[in-house]
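**Q** coordinates only, no sequence provided:
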């Protein structure tokens, strides 16, 4: 692996994401859209707070859970349909030249910022250069955005030289941090001014924002794309799942997501409510950090073999999940159904015995998890800890907010094991196994020279068949050596009023602009 490959993973910027108050939704008084005509307003109870209005910087910029809010206000270079197919957004055309030494993109001519000024090719160049500058704070500056340089503009067409080939470069234009913000406005007001009065080019513009409580949006009448069904949207930040249930059941909110599964089954049967559930591209998994006692092969292998994933999905998640044994969901390009990790508690006991541990003399470590961020996240860890206890592992559960997880992960200070929900909406192995397991990546917990030697060459591999085969080999190595514990593919639950039409998005995004009005029967 070249030194450049390693440098591409240098983390720039370390802004801390702020969690929202569990009572945030109850603070909403002035946010009621009383001035909106009946039927033109929508209220969403969201499951996570918004840490920042810059969708391109800071550790939370790579948090899939907040993308749905940002996508209402900001446009991406390229968009993803609900089935994850890519479609034009601010960029109408894109591609490589024949030998993949240049990128070629074309800006749509009719987009304007919320202040009425046009979106220009200069904005595109400014945003891409800023994204690739490690000092600007983009979490994937080196590995993705810094891979191209020397931008040239001709009319609405932009070309750039490829410094290091990145197979999923264009996919990232529709993924995390792949947003555009107005360059002239940002340069004028600065980072602090942008946070106070952010503008984008998306279907909605910000009307009012109270940190940790809500944001009220109003439809942007000069938006280039389809007009949203609702003129006013209020997004409440309600991080407590029971509070979200109360919001939708009381009628204070029209839509909510990530409700406990037993509540989803109950709520969708109520006369005025309905719901949809579908697998999304997120993988519930346990990071394994290369610290004691996880550096003991026997302990790692035992911890993995002692977990009955099928029982967790069937009994705890009420069937709302799909068991996985790698970081590839079935929809991902590198999914390999032949890679299996068996549930075998007796084998787990034998492995622990080799290292001197038993039920009477258990190995001890801490496991970290969120609580209520996702349906049954804490309960899943409780169940796993119970399974471990039966084979000779005593784990202490430590809870934290999702923002703390990012802070610890970026500084390589996660506990020996830590629960996380890994999202890879573009389905590329670079962004599932790659980012989560490559040592120089700031998003990995396990650091291994052996694994890095396998992963390193795949970043720049131009032969697609060879690249995908390489990632499958990496996934098998990870599974065989218990370097990570994938659990299940998430199923997203959305509950909404029957007078609405909500189509699930495979990436798990709940998009205000995609919520419609149900057709009369």
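**A** Okay, I see it. Treat the numbers as computed from the prediction; the structure is a model and nothing was measured. Numbers count the residues shown, from 1 in each chain.
**Q** hang on, residue 107 packs against residue 121?
**A** Yes - Residue 107 lies in contact with residue 121 (CB atoms under 8 Å); the separation is 5.4 Å. Bear in mind the C-beta positions are built from the backbone N, C-alpha and C, glycine included.
**Q** more neighbours, these two?
**A** Set residue 107 next to residue 121 and count neighbours by other CB atoms under 10 Å: residue 107 wins out with 25 against 18.
**Q** excluding chain neighbours, what is closest to that one?
**A** Closest residue in space to residue 107, ignoring its immediate chain neighbours: residue 156 at 4.6 Å, by CB to CB, 6 or more residues apart in numbering.
**Q** tell me which residue lies nearest the centroid of the protein.
**A** With distances taken as CA atoms, centre = their mean, the residue of the chain nearest its centroid is residue 64 (2.1 Å).
**Q** surely that one touches residue 510?
**A** No - if you go by CB under 8 Å, residue 64 and residue 510 don't touch, sitting 11.5 Å apart.
**Q** residues of stretch 110-129 that come out buried?
**A** 111, 113-114, 119-121, 123-129 (16 or more other CB atoms under 10 Å).
**Q** for those, could you give me JSON lines that also reports secondary structure, pLDDT and distance to residue 352?
**A** Formatted as JSON lines, the buried residues of stretch 110-129 follow (DSSP: H, G, I helix; E, B strand; the rest coil; pLDDT from 0 to 100; distance: CB to CB, whole Å):
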{"residue": "111", "secondary structure": "coil", "pLDDT": "98", "distance to residue 352": "59"}
{"residue": "113", "secondary structure": "coil", "pLDDT": "98", "distance to residue 352": "60"}
{"residue": "114", "secondary structure": "coil", "pLDDT": "98", "distance to residue 352": "59"}
{"residue": "119", "secondary structure": "coil", "pLDDT": "98", "distance to residue 352": "59"}
{"residue": "120", "secondary structure": "coil", "pLDDT": "98", "distance to residue 352": "62"}
{"residue": "121", "secondary structure": "helix", "pLDDT": "98", "distance to residue 352": "61"}
{"residue": "123", "secondary structure": "helix", "pLDDT": "98", "distance to residue 352": "58"}
{"residue": "124", "secondary structure": "helix", "pLDDT": "98", "distance to residue 352": "56"}
{"residue": "125", "secondary structure": "helix", "pLDDT": "98", "distance to residue 352": "57"}
{"residue": "126", "secondary structure": "helix", "pLDDT": "98", "distance to residue 352": "56"}
{"residue": "127", "secondary structure": "helix", "pLDDT": "98", "distance to residue 352": "52"}
{"residue": "128", "secondary structure": "helix", "pLDDT": "98", "distance to residue 352": "51"}
{"residue": "129", "secondary structure": "helix", "pLDDT": "98", "distance to residue 352": "52"}
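**Q** point to the helix or strand of the chain where mean pLDDT is at its lowest.
**A** When the helices and strands of the chain are scored by mean pLDDT, DSSP states H and E, helix 3-7 comes last with a mean of 37.
**Q** next helix or strand past that one?
**A** Later in the chain than helix 3-7, the nearest helix or strand by DSSP states H and E is strand 41-46.
**Q** hey, where'd the strands end up in the stretch 301-450 of the chain?
**A** For the stretch 301-450 of the chain, the strands defined by DSSP state E, counting those that start in this stretch occupy 321-323, 363-369, 393-399, 417-423.
**Q** highest average neighbour count across those?
**A** Highest mean neighbour count of the strands of the stretch 301-450 of the chain: strand 417-423, a mean of 24 (counted as mean count of other CB atoms under 10 Å).
**Q** what is that strand packed up against?
**A** Packing partners of strand 417-423 (3 or more CB pairs under 8 Å, 6 or more residues apart in numbering; DSSP states H and E): strand 273-288, strand 363-369, helix 377-389, helix 402-410.
**Q** for residue 430, find the nearest of these.
**A** Nearest to residue 430, of all the helices and strands packed on strand 417-423, is strand 273-288, at 14.1 Å by CB to CB.
**Q** just the buried positions in the closest one, please.
**A** In strand 273-288, counting by 16+ other CB under 10 Å, buried: 273-275, 277-288.
**Q** just stretch 79-92 next, same as before
**A** Quick answer for stretch 79-92 (16+ other CB under 10 Å): 79-80, 84, 86, 89-92.
**Q** same list (the strands of the stretch 301-450 of the chain) but as JSON lines, adding distance to residue 99 and mean pLDDT.
**A** Formatted as JSON lines, the strands of the stretch 301-450 of the chain follow (distance: least, CB to CB, whole Å; pLDDT from 0 to 100):
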{"stretch": "strand 321-323", "distance to residue 99": "40", "mean pLDDT": "96"}
{"stretch": "strand 363-369", "distance to residue 99": "46", "mean pLDDT": "98"}
{"stretch": "strand 393-399", "distance to residue 99": "51", "mean pLDDT": "98"}
{"stretch": "strand 417-423", "distance to residue 99": "33", "mean pLDDT": "95"}
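**Q** which of those strands sits closest to residue 269?
**A** The nearest among the strands of the stretch 301-450 of the chain, by CB to CB, is strand 321-323 at 21.1 Å.
**Q** what helices or strands is the closest one leaning on?
**A** Looks like strand 321-323 contacts strand 484-497 (3+ CB pairs under 8 Å, 6+ apart).
**Q** next one, pLDDT for residue 232 please.
**A** We have a pLDDT of 98 for residue 232.
**Q** what ranges do the strands span in the stretch 51-200 of the chain?
**A** Using DSSP E, counting those that start in this stretch, the strands of the stretch 51-200 of the chain run over 78-80, 86-88, 91-96, 102-107, 148-154, 157-162.
**Q** can I get the ones you listed in JSON lines including distance to residue 249?
**A** Formatted as JSON lines, those follow (distance: least, CB to CB, whole Å):
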{"stretch": "strand 78-80", "distance to residue 249": "32"}
{"stretch": "strand 86-88", "distance to residue 249": "36"}
{"stretch": "strand 91-96", "distance to residue 249": "42"}
{"stretch": "strand 102-107", "distance to residue 249": "45"}
{"stretch": "strand 148-154", "distance to residue 249": "49"}
{"stretch": "strand 157-162", "distance to residue 249": "50"}
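**Q** between those strands, which gets nearest to residue 330?
**A** strand 78-80 (17.7 Å).
**Q** if we can go back for a sec, now, the most widely separated pair of the buried residues of stretch 110-129?
**A** 114 and 129 (22.3 Å).
**Q** what's the longest helix in the chain?
**A** Looking across the chain with DSSP state H, the single longest helix is helix 464-481.
**Q** buried stuff in that one?
**A** 467-468, 470-472, 474-475, 477-479, 481.
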